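Student: Okay, structure incoming, though there's no sequence with it:
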């Protein structure tokens, strides 16, 4: 039940959608006997959009999440395996276009290849089925396998978990697939903005992993705070930050993590 509820909730709660709806409702009400309330709603919606999408608010919300888990040291001993979380490949669009089409998190798959070459004895595991609320037959792992093979990764190096629909199921099904043993070392590859929630979930399930964050959306320097940055670049940061903070809260309230904001 958690999966469909979370998908439906986000359709409305996504900041840009919510603020546009708020503004539209306000404008409509302005032409009724609730005109005063309508003007207030429209003004609130317009002001909130200006604040969120014309200032570095998105950076302020996202930067603490991305910086929460630093990359491991370069001299890290060879791990037992490398776990790459899904969400990097748009499989339905890839199928439609006949080529691999990535979102902003495609670096997860590139990092998997790089780490597999760096640690030739490590197992390479991908976890990800379909995150689509309606279409469940097109799974991401199918496209990832083809991409990795095309990039020269031997098929016998790979293992796939193809049934998970969200991060909780990524961790749960991967744990059940791999059955990690005490003393083993596993790297967890996912986007930096996704790492705190992912680490919290894996810990909650008793699967000890080492964070390997990639696909940063912030630069981590003064350029993040420039007011000259165009609005179309700010919108994804705001949406992503809101989604992840809400996700952290939801997973904590439902017992899927032991901490609101997991730390190293």
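Tutor: Received the coordinates, thanks. Keep in mind it's a predicted model, so treat the numbers as computed, not measured.

Student: need the helix or strand of this structure with the lowest average pLDDT.
Tutor: helix 2-13 (a mean of 66; mean pLDDT, DSSP states H and E).

Student: So for stretch 98-115, first residue to last residue, what's the gap.
Tutor: From its first residue to its last, stretch 98-115 covers 27 Å (CA to CA, to the nearest Å).

Student: Report the buried residues of that stretch.
Tutor: Within stretch 98-115, the residues that qualify as buried are 100-102, 105-113, 115, counting by 16 or more other CB atoms under 10 Å. Placement of C-beta: from N, CA and C, glycine included.

Student: rewinding a little: I'd like to know which elements the following helix or strand past the least confident helix or strand of the chain is packed against.
Tutor: Next along the chain after helix 2-13, taking DSSP states H and E as the criterion, comes helix 15-29. Packing partners of helix 15-29 (3 or more CB pairs under 8 Å, 6 or more residues apart in numbering; DSSP states H and E): helix 2-13, helix 35-54, helix 231-253.

Student: Show me which positions of helix 15-29 end up buried.
Tutor: 15, 19, 22, 23, 26, 29.

Student: Now do the same contact list for the last one.
Tutor: Right, residue 29. Counting by CB atoms under 8 Å, 6 or more residues apart in numbering, residue 29 makes contact with 35, 37, 38, 41.

Student: now do the third one
Tutor: By CB under 8 Å, 6+ apart, the contact set of residue 22 is 41, 44, 45, 48.

Student: And it, what's its pLDDT?
Tutor: If you check residue 22, the pLDDT there is 93.

Student: Also the fifth one?
Tutor: In this prediction, residue 26 carries a pLDDT score of 95.

Student: I figured it hits residue 40, correct?
Tutor: Yes: between residue 26 and residue 40 a contact is recorded at 7.1 Å, counting by CB atoms under 8 Å.

Student: Do you have the strands of the stretch 51-200 of the chain handy? List them.
Tutor: 81-85, 123-127, 158-161, 186-191 (DSSP state E, counting those that start in this stretch).
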